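S.K.: A predicted structure for the sequence below; I have some questions about it.
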Amino acid sequence: MSSHAGSAARLAPLTRRRGWALAALTAALYVALDQATKQIVVHSIAPGARRNVFFGIDLTNVRNHGVAFGVLSGDGVAVTVLTIAAVTGLLVYFALRASRSLLWLPVGVVIGGALGNLVDRAREGAVIDFIDVHFWPAFNLADAGIVIGVLGLLYLVEVHRG
C-alpha cells in the first residue's frame, strides 16, 4: 500500500455516531485531566504563591474572574453566557460535520476545556489558573486546550476546504 493510500485509509470518514462518541470521550478525559491538575495545585501551592519548575515557568495558584486573561472580570453571568453560546455554536458546527475525519479531536478538546473552566466557575466563582510563563498571564490546561483545539479546528477546516 502506498503511503498516500495508507493516509487516505486512516482519514476515512467516521460514522456520525462514532464521531460524537469520540468527541464526548475526548471532552470527558480533558475535563478530568484539567480538574485533576487544578486540584493538585490547590492542595500543594498556597493562594498567590509560586513555585519555579523550569527556567521561565512557574506554577502558581491564582483565580481569574474574567474570560481569557481577565477580560470581563467581575461579570460572571456574562462570562458564563458567552461560554455557553460559544460551546453551543461549536456543537452545532460539529453536528453538521460529525463524520468528518479527526474533527472530533479538536472539538472534544475545546468542549473539555470550556467545561473544565465552567466547573471552576460553578464551584469557585472563578477559574483556577496555575501555569505562569512570565510574559503571558497565568493560564491552565483548559485554556491551553481551548487555544490548541481552536487552532486544530481551523487547520482541519482549511485542509477539508478544497
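M.R.: Okay, I see it.

S.K.: what's next to the biggest strand by length in the chain, contact-wise?
M.R.: Of all segments of type strand in the chain, defined using DSSP state E, the longest is strand 57-64. If you take C-beta atoms under 8 Å, 6 or more residues apart in numbering as the criterion, strand 57-64 is touched by 41-42, 45-53, 70, 73, 124, 126-134, 137-138. From N, CA and C alone the C-beta is placed, and that goes for glycine too.

S.K.: go on, stretch 89-99?
M.R.: With C-beta under 8 Å, 6+ apart as the contact definition, stretch 89-99 has outside contacts at 13, 14, 15, 16, 19, 20, 23, 103, 104, 107, 110, 111.

S.K.: on that earlier part again, among the contacts of strand 57-64, the buried ones, what's the ChimeraX command?
M.R.: In ChimeraX, this line selects whichever of those come out buried by 16 or more other C-beta atoms under 10 Å:
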select :41,45,126,127,128,129,130,131,132,138
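
S.K.: strands - which of the contacts of strand 57-64 land there?
M.R.: Among the contacts of strand 57-64, the residues falling in strands (DSSP E) are 50, 51, 52, 53, 127, 128, 129, 130, 131, 132.

S.K.: farthest pair within those residues?
M.R.: Greatest spatial distance among the ones in strands among the contacts of strand 57-64 (C-beta to C-beta): 52 and 127, at 22.5 Å.

S.K.: for the longest helix anywhere in the chain, packing partners?
M.R.: Across the chain, the helix with the greatest residue count (assigned by DSSP state H) is helix 16-44. Secondary-structure packing of helix 16-44 (3 or more C-beta pairs under 8 Å, 6 or more residues apart in numbering; DSSP states H and E): strand 57-64, helix 104-124, strand 127-132, helix 141-159.

S.K.: and these: which comes nearest residue 78?
M.R.: When the helices and strands packed on helix 16-44 are compared by C-beta to C-beta, helix 104-124 sits nearest residue 78, at 11.6 Å.

S.K.: in that closest one, what counts as buried?
M.R.: Buried residues in helix 104-124 (16+ other C-beta under 10 Å): 104-121.

S.K.: just the C-alpha atoms of it, please, in CSV.
M.R.: The C-alpha coordinates for helix 104-124 follow below in CSV (Å, rounded to 0.1, in the frame of the first residue of the first chain):
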residue,chain,number,x,y,z
TRP,A,104,-13.9,15.0,16.9
LEU,A,105,-10.4,15.6,18.4
PRO,A,106,-10.2,19.4,18.5
VAL,A,107,-14.0,19.7,19.1
GLY,A,108,-13.6,17.4,22.2
VAL,A,109,-10.6,19.3,23.5
VAL,A,110,-12.3,22.7,23.1
ILE,A,111,-15.5,21.4,24.8
GLY,A,112,-13.5,19.7,27.5
GLY,A,113,-11.5,22.9,28.2
ALA,A,114,-14.7,25.1,28.2
LEU,A,115,-16.4,22.6,30.6
GLY,A,116,-13.4,22.4,32.8
ASN,A,117,-13.4,26.2,33.3
LEU,A,118,-17.2,26.2,33.8
VAL,A,119,-16.8,23.7,36.6
ASP,A,120,-14.4,26.0,38.3
ARG,A,121,-16.8,29.0,37.9
ALA,A,122,-19.7,26.9,39.4
ARG,A,123,-17.6,25.6,42.3
GLU,A,124,-15.3,28.5,43.0
